[in-house]
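**Student:** output the structure for:
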Amino acid sequence: MSMPKIRSLRNQLVLALCVLVSVVGVVQGISSWQLAKAGMSALLDLRLEQVATRLYHSGLADALPTTPARGSQPERDVYLTVWKDGISTPYRSTDPSLPLPREAEPGFTNAMVNGENWRIYTLREPSMVVQVAQRSRVRQDLAEARSLNTLWPMIVLVPLVWIAVLLVVRRALRRLTRLGRQVQAIDMAHFEQLSTSGVPTEIRPFILSINTMIERLEQSIESERKFIADAAHELRTPLTALQLQADNLAPHIAPGNQERFRELQSGIRRSGRMIAQLLRLARADAPMKADTLTRVDVSEVVVDAVAEVLPIAMQRGIDIGADEMTSAFVRANDADIGIALRNLVSNAIRYTPDGGKVDLSIQVRDGKVWIEVVDNGPGIDEALLPRVFDRFFRANVQIEGSGLGLSIVQAIVNRYGGEASLRNRTDGQSGIVASIGFPSVP
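**Tutor:** Next up, the predicted model:
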């Protein structure tokens, strides 16, 4: 089943508003263009009417040439023809080769003359007919040229409005972006309610709901942590007593029952280790106290962790050492760093075959101190790697373990705002590269 695609609210708002502005701009541009064309056409009609009226009332008709040269008039100009009663041919004309229809209705008409469309204004008086004509093509070119000028403001303004929309939406959602970062920073070690200061009224109920959820989650995790700690603490005492009783009974066990008795002792020890891990996990999940933090020399922690597992490594012939030991410091509780590192080293020893090799290194990069533990064990199936930090998860059930070691590492790393990763080696050898990183201090 495919997951629904998560879309940005900011992008949706910007896109919707830009589309709306564009549609309004296009409609406004088309309307302005059409109105400008209509206005230009009306202005040209008024020009034709004024020319005809002045030609008649001012007596300028007689001033027109009687025999003008054919085709001498520019095609963009208006053409004049004067008719008089009793004369079948034009009395005066600016172009005799243009046979305007004398029988045209008074006022404006459109006619096809000499294969072209013409706009004609006809003024009929008792003794004279005055016609003023202009090519429709010329009129259209003039109207469109003037109308296009009305589109330039819209062409320039629409992109500017797009930019303004982007800036306004980004500014309006900046507060939500900050809240999103605060929500992402919330984990089991950092519960902080979101501030409602400066939050828009429409978003305030949503923020209050998140704060309520954070409060309930914190209470639930605290109850779980307290239960684990109390249960582990209560179980540790009877298990310790049981271990002592088993040790006291060891000399009195019949030879035929020795194997079963050793299995019993092994089970008691496993239970003890499980309880110890549960207590460490509860402590790792507990809120951190600032007064317990110190400047920790990571190299010393590495040396102590190696020294602790060295007897086991020597017994199994495992070569354990450090390749790169950069001097680095972190601000933390040294016990926490030690527990996290010992869990990684113990895992490496546990999964490395006899005669194998485990290398540790310290590096400083990207503002973090990284501790890497590399083994040459069998590695982990890639499909199981995303689950290795889950509680009680064991990648290899044939090897003894509680399934809590890496969970404790993850809890400690999260407590200090660090990172933890586990990956298979990519240098041609089998094995695991376990890395933990903590914020570096000078």
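**Student:** please make it C-alpha for all contacts and neighbour counts, starting now.
**Tutor:** Fine.
**Student:** could I get the average pLDDT for stretch 130-147?
**Tutor:** Averaging pLDDT along stretch 130-147 yields 85.
**Student:** and residue 67, what pLDDT?
**Tutor:** For residue 67, pLDDT reads 67.
**Student:** which stretches of this protein form helices?
**Tutor:** 9-57, 136-148, 152-184, 204-249, 258-285, 298-315, 334-351, 405-415 (DSSP state H).
**Student:** and the closest residue to residue 54 other than its chain neighbours, how far from residue 97?
**Tutor:** In this structure, residue 54 finds its nearest non-sequential neighbour in residue 60, 7.5 Å apart by CA to CA, 6 or more residues apart in numbering. Applying CA to CA, to the nearest Å, the value for residue 60 to residue 97 is 21 Å.
**Student:** if I look at residue 117, how far off is residue 293?
**Tutor:** Residue 117 is 94 Å from residue 293, by CA to CA.
**Student:** typo on my end, residue 257
**Tutor:** With CA to CA as the criterion, residue 257 and residue 293 are 51 Å apart.
**Student:** more crowded one of those two?
**Tutor:** Taking other CA atoms under 10 Å, residue 257 and residue 293 do not tie; residue 293 has more neighbours (13 against 9).
**Student:** pretty sure the more buried one contacts residue 332?
**Tutor:** Yes: checked against CA atoms under 8 Å, the pair residue 293 and residue 332 is within contact range at 4.7 Å.
**Student:** just list whatever residues bridge to the closest residue in space to residue 435 that isn't next to it in sequence.
**Tutor:** Excluding its sequence neighbours, the residue lying closest to residue 435 (CA to CA, 6+ apart) is residue 372, at 4.5 Å. Per DSSP bridges, the residues bridged to residue 372 are residue 361, residue 435.
**Student:** quick check: phi and psi on the most far-flung residue of the chain relative to its centre?
**Tutor:** What lies farthest from the middle of the chain is residue 86; by CA atoms, centre = their mean that is 86.2 Å. Phi and psi for residue 86, reported as degrees, to the nearest 10, are phi 90, psi -10.
**Student:** going forward can the numbers begin at 14, since that is how I track them
**Tutor:** Sounds good: first residue 14 from here, last item residue 99.
**Student:** quick check: it vs residue 134, distance?
**Tutor:** Residue 99 is 22 Å from residue 134, by CA to CA.
**Student:** now residue 50
**Tutor:** Counting by CA to CA - residue 50 and residue 134 are separated by 19 Å.
**Student:** more crowded one of those two?
**Tutor:** Using other CA under 10 Å, the more surrounded residue of residue 50 and residue 134 is residue 134, with 27 against 22.
**Student:** quick check: the more buried one vs residue 156, distance?
**Tutor:** Taking CA to CA, one finds residue 134 at 18 Å from residue 156.
**Student:** neighbours of residue 256, how many?
**Tutor:** 19.
**Student:** what count of nearby residues applies to the closest residue to it other than its chain neighbours?
**Tutor:** Nearest residue to residue 256 in three dimensions, chain neighbours excluded: residue 281, at 6.5 Å (CA to CA, 6+ apart). Other residues within reach of residue 281, judged by other CA under 10 Å, total 17.
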